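>>> need coordinates for the following:
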Amino acid sequence: MTFHEALEAVESLPDYQQEDLIELIRKRRLERRREALLEDIKEAQSEYERGECRAGTVEDLMKEIDEGEGLSGVRSVGWRPRKENTV
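Now for the predicted structure:
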């Protein structure tokens, strides 16, 4: 089925069914985004456990960059901010 055919099929539905379909698609897209975020979190945790990234503050990262050290071989996407100690 082409996109145009799908659109025509949706337009042939009564308004209430079109609204139901819109809501169903919105909810499914949201669920897929949640699942993708969960996978990103799991991957980041695994990278951290393997030592492929390290925790730190934004200031730590900026200092390291300013000192010309870059990320010392650590992938920048693996860098995760550390929660500040509030005690």
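>>> flag the shaky bits of the protein, pLDDT-wise.
The model of the chain has pLDDT under 70 over residues 69-87.
>>> residue closest to the middle of it?
Within the chain, one residue has its C-alpha closest to the average C-alpha position: by CA atoms, centre = their mean, that is residue 37, at 4.2 Å.
>>> which helix or strand contains that one?
Taking DSSP states H and E as the definition, residue 37 sits inside helix 15-49.
>>> distance from the helix or strand that that helix is followed by to the middle of the chain?
Sequence-wise, the next helix or strand downstream of helix 15-49 (DSSP H and E) is strand 55-56. With CA atoms, centre = their mean, to the nearest Å as the basis, strand 55-56 stands 19 Å off its chain's centre.
>>> for strand 55-56, which strands pair with it and how are they oriented?
Using DSSP bridges, strand 55-56 pairs in its sheet with strand 80-81 (parallel).
>>> rewinding a little: which elements pack onto the helix holding residue 37?
If you count contacts as 3 or more CB pairs under 8 Å, 6 or more residues apart in numbering; DSSP states H and E, helix 15-49 packs onto helix 3-11. Where you see a C-beta, it was placed from the backbone N, CA and C, and this is true even at glycine.
>>> mind giving me the domain split of this structure?
1-50, 54-87 (automatic domain parsing).
>>> what's around residue 60, how many residues?
Per other CB atoms under 10 Å, the neighbour tally for residue 60 reads 14.
>>> quickly find the element holding it.
Using DSSP H and E, the element containing residue 60 is helix 58-66.
>>> repeat that for residue 13.
Here residue 13 is assigned to no helix or strand, by DSSP H and E.
>>> which non-adjacent residue is nearest it?
residue 21 (7.0 Å; CB to CB, 6 or more residues apart in numbering).
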